[in-house]
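*Asks:* Just the structure for this:
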Amino acid sequence: MCRWLAYSGPSIHPDEFLFRAENSLIDQSMSARLGTTPTNGDGFGLGWYGDRDDPGLFRDVHPAWNDDNLKSVAEQVSSRLFYAHVRASTCAGISRYNCHPFRHGRWLFMHNGQIGGYDEIRRDIDDLIAASFYRHRLGATDSEAFFLILLSNGLAEDPKSAFEITVAAVERIMTAAGIEAPLRLTATATDGEAIYAIRYASDDYAPSLYLGTARTNGEVSLTILSEPLTSITEDWREVPRSHFVIAGDGAFTEEPFAPHG
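*Replies:* Now for the predicted structure:
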């Protein structure tokens with residue numbers, strides 16, 4: 001499984017979380033504490049919002065711990081909202097197009113987990129992508145497909161509803177195909193303003209997801225991530241399974257999540 005983090009708050013350099021934290025994302029890429037796959041070395045990505053409307057994106061196929069360019073970029077970029085991801089491949093090869101975050105217009109998306117039996121139902125899953133978005137499909141992952149389905153189901157208009165409709169549609173395909181492996185995911189999408197995230201599984205084993213609130217440079221900062229960055233337990237709160245999170249205006253909103261449609 002992959003590891004990821006999303007940050008919103010006063011502008012900081014991403015290397016504070018990627019390299020300098022006690023349990024930094026780079027440390028998680030080498031030895032994840034909570035993931036079922038301890039090593040996440042099948043590529044990485046950093047997406048950030050700066051002075052322009054659309055986000056910047058830097059992805060590559062090297063292990064994150066072995067890429068000097070990532071360290072240099074993370075030390076120099078300053079951003080009020082950024083995404084970072086380290087990948088452990090589950091259903092597609094090692095390719096830059098398969099690395100997270102995925103970008104479309106102002107939107108970024110990251111995912112940890114997998115659609116059970118994806119190789120058997122990939123064509124049916126792809127059929128859920130609207131034609132206007134399918135032409136933007138560049139990789140081979142279930143993650144990218146899920147993102148494009150979200151966009152097809154109105155992510156820009158109603159993010160929570162888009163997630164609920166998309167999860168329900170994927171589960172219907174899995175059931176019709178007789179797939180017994182579960183759907184498991186933590187995922188997040190942002191338009192550069194609010195961050196939306198979900199923790200869900202069709203069984204009892206949803207991937208881990210945590211929230212962190214702090215004061216950074218005198219302002220409130222919010223972090224959503226696969227694993228806490230420090231061992232100070234009171235700094236982190238676990239997201240319950242089957243919940244949807246919105247991070248915006250210096251606070252988290254958590255709501256129950258139920259697929260429908």
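
*Asks:* Mind checking what secondary structure residue 69 has?
*Replies:* Of the three states, residue 69 takes helix under DSSP: H, G, I helix; E, B strand; the rest coil.

*Asks:* Look at the closest residue to residue 2 other than its chain neighbours and report its pLDDT.
*Replies:* Spatially, and ignoring its direct neighbours in sequence, residue 2 is nearest to residue 112 (4.3 Å; Cβ to Cβ, 6 or more residues apart in numbering). Any C-beta I mention is one placed from the backbone N, CA and C, and that applies to glycine too. Turning to residue 112, the model gives it a pLDDT of 94.

*Asks:* Give the bridge partners for residue 112, please.
*Replies:* Judged by DSSP bridges, the bridge partners of residue 112 are residue 186.

*Asks:* Next one: it from residue 261, what distance?
*Replies:* Per Cβ to Cβ, to the nearest Å, residue 112 is found 24 Å from residue 261.

*Asks:* Next: residue 80.
*Replies:* In this view, residue 80 and residue 261 are 33 Å apart by Cβ to Cβ.

*Asks:* Please say which of these two ends up with more neighbours.
*Replies:* residue 80 (16 against 12; other Cβ atoms under 10 Å).

*Asks:* wait, doesn't the more buried one sit right on residue 14?
*Replies:* No. The pair residue 80 / residue 14 is not scored as a contact, 11.3 Å apart, by Cβ atoms under 8 Å.

*Asks:* What is the longest helix of this protein by residue count?
*Replies:* Taking DSSP state H as the criterion, the chain has its longest helix at helix 159-176.

*Asks:* since we're on residue 193, how many residues are nearby?
*Replies:* Residue 193 is flanked by 11 other residues according to other Cβ under 10 Å.

*Asks:* And for residue 191?
*Replies:* Neighbourhood size, residue 191 [other Cβ under 10 Å]: 17.

*Asks:* For the nearest residue to it once chain neighbours are set aside, give me its contacts.
*Replies:* Distance criterion Cβ to Cβ, 6+ apart; nearest residue to residue 191, sequence neighbours excluded, is residue 106 at 5.1 Å. Neighbour list for residue 106: 53-55, 191-192 [criterion: Cβ atoms under 8 Å, 6 or more residues apart in numbering].

*Asks:* what about stretch 189-197, average pLDDT?
*Replies:* Average pLDDT, stretch 189-197: 98.

*Asks:* Relative to the whole chain's centre, how far out is that stretch?
*Replies:* Stretch 189-197 sits 11 Å away from the centroid of its parent chain (Cα atoms, centre = their mean, to the nearest Å).

*Asks:* so how far is the first residue of that stretch from its last?
*Replies:* 6 Å (Cα to Cα, to the nearest Å).

*Asks:* any idea whether the spatially most central residue of the chain is helix, strand or coil?
*Replies:* Nearest to the geometric centre of the chain sits residue 110, at 2.5 Å (Cα atoms, centre = their mean). Using three-state DSSP, the three-state assignment for residue 110 comes out as strand.

*Asks:* my guess is it meets residue 99, correct?
*Replies:* No. Judged on Cβ under 8 Å, residue 110 makes no contact with residue 99 at a distance of 10.1 Å.

*Asks:* quick one: common contacting residues for these two?
*Replies:* With Cβ under 8 Å, 6+ apart, residue 110 and residue 99 have common neighbours 45, 85.

*Asks:* Could you pull out the strands in the protein for me?
*Replies:* Using DSSP state E, the strands of the chain run over 3-12, 44-48, 56-60, 79-86, 102-104, 107-115, 183-190, 195-201, 210-216, 219-225, 236-238, 243-248, 251-256.
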